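Trainee: give me the fold of what follows.
(2 chains)
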Number of protein chains: 2
Amino acid sequence: MSLVEARGTPDTSEGEDRPRGRRQRLLGYAALVALPAIICVVALIAAPEGSGAAGAGHGVDHTTAKLLLAASGVLAVALGAGALAVRIGQPRVMGEICAGLALGPSVLGQVAPDVSDWIFPAKVVTGLDALAQLGLVLFMFGVGQELAQARQTRVERGFALVTCASFLVPFAAGTATALWLWEEHSGSTQNPLAFALFLGCSLSVTAFPVLARVLTDLGLLKTRTGRLSLYAAAVGDGVCWVVLTAALALASGEGAGGQWWKLLLFVATAVVLLGPVRIWLARLLDGSTKHSPVITSTLCIAGVAASAGVTALLGIHQLIGAFLFGLAWPHISGKGDDAVALSSVTTLAGLLLPFFFLGFGLSLDLGDLSLDADGALLLAGLLTLATLTKVIGAGVAGYLTGLSRARSLELGILMNTRGLTELVVLGIGHEAEVIDTQLFVVLVVVTLVTTAMTGPGLRLIWALRSDPRV
Amino acid sequence: MSLVEARGTPDTSEGEDRPRGRRQRLLGYAALVALPAIICVVALIAAPEGSGAAGAGHGVDHTTAKLLLAASGVLAVALGAGALAVRIGQPRVMGEICAGLALGPSVLGQVAPDVSDWIFPAKVVTGLDALAQLGLVLFMFGVGQELAQARQTRVERGFALVTCASFLVPFAAGTATALWLWEEHSGSTQNPLAFALFLGCSLSVTAFPVLARVLTDLGLLKTRTGRLSLYAAAVGDGVCWVVLTAALALASGEGAGGQWWKLLLFVATAVVLLGPVRIWLARLLDGSTKHSPVITSTLCIAGVAASAGVTALLGIHQLIGAFLFGLAWPHISGKGDDAVALSSVTTLAGLLLPFFFLGFGLSLDLGDLSLDADGALLLAGLLTLATLTKVIGAGVAGYLTGLSRARSLELGILMNTRGLTELVVLGIGHEAEVIDTQLFVVLVVVTLVTTAMTGPGLRLIWALRSDPRV
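Mentor: Got it, this is the predicted structure:
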């Protein structure tokens, strides 16, 4: 009975199976194949005459076609630019950001406005924006997760000083600069406190995810400098988001107006998320019941979206809700199904981020960067200020906690990686009209330059000192 | 040097690190923490007076909030309904489909029209539709992949007869019925041939993915019945999509009008995809170069979207392009990075499908189901016809190839699972206006009922015969 043995599960009741005779099978072919085929042909021939081409062009939904082509184009350009960036020693995300900028009015809109209009009509942009929003909240969820994990880092002597200094020095510089820039560059919300807090944030952000990538690429992840910079970036980013929340509340007038109850509701939401929800999720995912990864990741994404949506309704930015859910989601290690689910959420965020870069690129025209004397001074000044305060703040603190000079400089340069997180912060500030468009564009360029500096800067100081790390 | 040992990578040059004195660190705190903090406070106090609440309500983007809340709601309802379905012995996808229907005008629109209007404004629907489109093309990519894999199944004697019969018998019945239904239920495209082909397809679809799930749940995956039904479903679905392509081309007048070149271009696209692209992809993914899963899955999704978008531009439905790309994507087994990438694409499709069910639910009002004499007759007739032709076609063929009576009936009931694929087919036919709304709603109900029948039907015949499979 080789037939039974070939089966995966033994199945005794099928033992009665026996091949029928040849004649029976021929009859079967005649009745079950030939006859239906004939019926088909007859029925199709007998089909009444109709006005065949009446609906010419019907069923061709060009919006869908454009949406799919645009999505494919965005992903393909991001892939290509990312690969190019890696080849020239930059983090992949730099390439993806540039790809997004290139597809906006800065390049494609200049070079081929017709193509741009054809492939990005309003409906397609709305659709792609939904993908971007999903990608962005999942990205912020990841940032929250990483901060939650940073709590488990073994904190060594010196971590506190480096963390405080690398946040506070640029932050102070930002708020002080706000006094000068306020007159000319505040957005339409006209709230000076929000403006100052926002400028402080935008100088003090270090992009945790990009930093982690750079450290991995350079093989620095497990060194003391690497761990110090990651910890300081995670905590600093956490503080930044709290300050940003306050700035946005001020800008939207939630605090000043009679809408304190919204702020209170938001605080209540945060407490519920970090209290009961966190405990419930930890029990759910640590329990003995097995969940399929699709279900766990659906639950996770539903939670992120709900938390973000509620926060947005309360007048606080949705990303802050997503960040809170990231803090609440239990830290999962290992290779189990829940870890697979978490990694597929992260993969999804990575997949969708190019759509955020596209939206970002569409919202910004680098042609707005005025390079007259004032504009150039603003750019050069902010670039220098951002770099110096980060390098000095983090570097000197690192030196005082016992790093060598070279390692301190390394730490300072690492903390100057603003990358993706800074773009998100800037986008929020611009959208909420805390800063004007010119300052927005200048700060975007500052972000790109400081992020691009990291890799080459490190390689340069290693080469100059004939450092064994090269 | 326990410090060096604790590091992941030994790093001799850091040997020069030495803790600085206590006094130095205190100075550091004063200069790097206290001083910036004072600067911040002074700068914030010195901030000029502004019209704080000028932008009250600004930065609160309720579209985004609604989009996120709607997304979260859709996922949560799908999760809940899926879990409920599993509890009552139905495949999870049945619950998810019902969740989508419930969120449309059939239930939520009836019960709470205000809630429905608030959470699903046009812009949110456009955004969610983008998610649905992405989910759907990825799902069809998976169907193509599965058909490509079915080619590697060891084909046994009898597979051909079962496959032909289980496709042709319902197909012939569908085309023949079209002669009767044509007058009253054809859509506005008024193409009788397209109508007949479409009705044939809609009776002969077996949902491969749902069938696979049902077989897994019932532990039949490795039995001869299981393998037969899966093979027949995969090949039958492949043939169905080819016939559907022809029907859509007829309906859109591409063939009849002077637009033969579009059809030729489509054929050329298909040849390029299944020839050069397939070979190039196989080389790319079998090569020794390692790709990160995010990159491979981005490439995959970009390819699916491009193939779908081009097909849609050529007047053929986008899902057929996605299906072709699924055939072209190399079959990957094992646990390597490329397999992870493929599984994350599948996971993504699963995550996004609830948005398709929502779109489907929004497009359809079960209240349109007229249950007067004619309507009830139509429903009962089509339900009986669909079930009988599948059960007889597949069952008798199975019996002739050597299955026992019980196993043949089992096979017939399994092949009657129409599920998700049928809904996709129906949605396409309705959108292209090949069938009218009433027939559409009736066929949707037929799909739901035949799919829901599978599990209970099998359990019933096992119980009646005291079958050891129970």
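Trainee: quick check: phi and psi on the closest residue to chain B within the stretch 101-250 of chain A?
Mentor: Closest to chain B within the stretch 101-250 of chain A is residue A:222: 2.4 Å, counting by Cβ to the nearest Cβ. Using the backbone N, CA and C atoms, a C-beta is placed for each residue, glycine as well. Residue A:222 adopts backbone torsions of phi -100, psi 0, taken as degrees, to the nearest 10.
Trainee: which ones are touching the residue sitting nearest the centre point of chain A?
Mentor: Note on chain A: the residue nearest the mean C-alpha position is residue A:139, at 3.6 Å, using Cα atoms, centre = their mean. By Cβ atoms under 8 Å, 6 or more residues apart in numbering or on different chains, the contact set of residue A:139 is A:209, A:349, A:353, A:356, A:420, A:424.
Trainee: quickly find the element holding it.
Mentor: Element membership of residue A:139, judged by DSSP states H and E, is helix A:122-150.
Trainee: hmm, residue A:232 and residue A:155 touching each other?
Mentor: No. Using Cβ atoms under 8 Å, residue A:155 is not in contact with residue A:232; the gap is 11.0 Å.
Trainee: these two: which has the busier surroundings?
Mentor: It is residue A:232, of residue A:155 and residue A:232, that has more neighbours when counted by other Cβ atoms under 10 Å in any protein chain shown, with 30 against 14.
Trainee: got the contact list for that one?
Mentor: A:159, A:162-163, A:166-167, A:206, A:394, A:415.
Trainee: give me the residue from the stretch 351-470 of chain A nearest chain B.
Mentor: For the stretch 351-470 of chain A, Cβ to the nearest Cβ, closest residue to chain B: residue A:432, 3.3 Å.
Trainee: can you report phi and psi for that residue?
Mentor: The phi/psi pair for residue A:432 (degrees, to the nearest 10) is phi -80, psi 0.
Trainee: that one: neighbour count?
Mentor: If you count neighbours by other Cβ under 10 Å, residue A:432 ends up with 25.
Trainee: how about the residues of the stretch 351-470 of chain A near chain B?
Mentor: Applying Cβ under 8 Å from any Cβ of the partner chain, we find that the stretch 351-470 of chain A lies next to chain B at A:351, A:354, A:393, A:396-397, A:399-404, A:406-407, A:428, A:431-433, A:467-469.
Trainee: repeat that with 7 Å
Mentor: Counting by Cβ under 7 Å from any Cβ of the partner chain, the residues of the stretch 351-470 of chain A close to chain B are A:351, A:393, A:396-397, A:400, A:402-404, A:407, A:431-433, A:467-468.
Trainee: residue A:450 and residue B:76, how far apart?
Mentor: As judged by Cβ to Cβ, to the nearest Å, residue A:450 and residue B:76 stand 40 Å apart.
Trainee: which residue of those two possesses the greater neighbour count?
Mentor: Set residue A:450 next to residue B:76 and count neighbours by other Cβ under 10 Å: residue A:450 wins out with 24 against 19.
Trainee: wait, that one sits on residue A:389?
Mentor: No. Between residue A:450 and residue A:389 there is no contact under Cβ atoms under 7 Å: 11.1 Å.
Trainee: now do the helices in the stretch 151-300 of chain A.
Mentor: A:159-185, A:192-204, A:208-218, A:224-251, A:260-272, A:278-286, A:293-313 (DSSP state H, counting those that start in this stretch).
Trainee: any weak-confidence spans in the stretch 301-450 of chain A?
Mentor: Applying pLDDT under 70 to the stretch 301-450 of chain A picks out residues A:333-336.
Trainee: cool, and the stretch 51-200 of chain A?
Mentor: In the prediction, the stretch 51-200 of chain A carries residues with pLDDT under 70 at positions A:51-61, A:153-154.
Trainee: if we use 50, what do you get?
Mentor: Scanning the stretch 51-200 of chain A for pLDDT under 50 picks out the ranges A:52-60.
Trainee: the contacts of residue A:232: which two are farthest apart?
Mentor: A:159 and A:206 (14.4 Å; Cβ to Cβ).
Trainee: looking at these two, which one has more neighbours?
Mentor: residue A:206 (29 against 18).
Trainee: I figured residue A:412 was touching residue A:394, is that so?
Mentor: Yes. Using Cβ under 7 Å, residue A:412 is in contact with residue A:394, at 4.6 Å.
Trainee: which one of these two has more residues nearby?
Mentor: Using other Cβ under 10 Å as the criterion, residue A:412 and residue A:394 rank with residue A:394 on top: 33 against 26.
Trainee: what helix or strand is the more buried one on?
Mentor: Take DSSP H and E as the rule and residue A:394 turns out to sit in helix A:373-400.
Trainee: contacts for the following helix or strand past that helix?
Mentor: Counting by DSSP H and E, the next helix or strand C-terminal to helix A:373-400 is helix A:405-415. Residues from elsewhere that reach helix A:405-415 (Cβ atoms under 7 Å, 6 or more residues apart in numbering or on different chains): A:166, A:206, A:211, A:225, A:228-229, A:232-233, A:390-392, A:394-395, A:398-399, A:403, A:454, A:457-458, A:461, A:465, A:467, B:14, B:17.
Trainee: for the stretch 101-250 of chain A, which residues are neighbours of chain B?
Mentor: Listed as neighbours of chain B in the stretch 101-250 of chain A under the rule Cβ under 7 Å from any Cβ: A:123, A:126-131, A:133-134, A:137, A:161, A:164-165, A:168-169, A:171-172, A:175-176, A:178-179, A:182, A:188-193, A:196, A:200, A:219, A:222-224, A:248, A:250.
Trainee: and the closest residue to residue A:186 other than its chain neighbours, how close does it get to residue A:434?
Mentor: Nearest residue to residue A:186, sequence neighbours excluded (Cβ to Cβ, 6 or more residues apart in numbering or on different chains): residue A:195, at 5.0 Å. Distance, residue A:195 to residue A:434, using Cβ to Cβ: 6 Å.
Trainee: with residue A:28 instead?
Mentor: To residue A:434, residue A:28 is 76 Å away according to Cβ to Cβ.
Trainee: more neighbours: these two, which one.
Mentor: Neighbours per residue, other Cβ under 10 Å: of residue A:28 and residue A:434, the larger number sits with residue A:434, 32 against 22.
Trainee: may I have the phi/psi pair for the more buried one?
Mentor: The phi and psi values for residue A:434, taken as degrees, to the nearest 10, are phi -80, psi -40.
Trainee: isn't it up against residue A:190?
Mentor: No. The pair residue A:434 / residue A:190 is not scored as a contact, 9.5 Å apart, by Cβ under 7 Å.
Trainee: neighbours of residue A:348, how many?
Mentor: Quick note: residue A:348 (other Cβ under 10 Å) scores 24 neighbours.
Trainee: what does residue A:122 give?
Mentor: Neighbours around residue A:122, by other Cβ under 10 Å: 10.
Trainee: and for residue A:272?
Mentor: Residues lying near residue A:272 (other Cβ under 10 Å) number 14.
Trainee: ditto for residue A:191
Mentor: 29.
Trainee: just checking, it touches residue A:250?
Mentor: Yes. Residue A:191 lies in contact with residue A:250 (Cβ under 7 Å); the separation is 5.3 Å.
Trainee: just give the closest residue to residue A:78, not the sequence neighbours.
Mentor: Spatially, and ignoring its direct neighbours in sequence, residue A:78 is nearest to residue A:354 (3.7 Å; Cβ to Cβ, 6+ apart).
Trainee: got the contact list for that neighbour?
Mentor: Neighbouring residues of residue A:354 by Cβ under 7 Å, 6+ apart: A:74-75, A:78, A:96, A:99-100.
Trainee: okay, residue A:392 and residue A:168: tell me how far apart.
Mentor: 12 Å.
Trainee: these two: who's more crowded?
Mentor: residue A:168 (25 against 19).
Trainee: dump the residue contacts of the residue nearest to residue A:186.
Mentor: By Cβ under 7 Å, 6+ apart, the residues touching residue A:195 are A:178, A:182, A:186, A:434-435.
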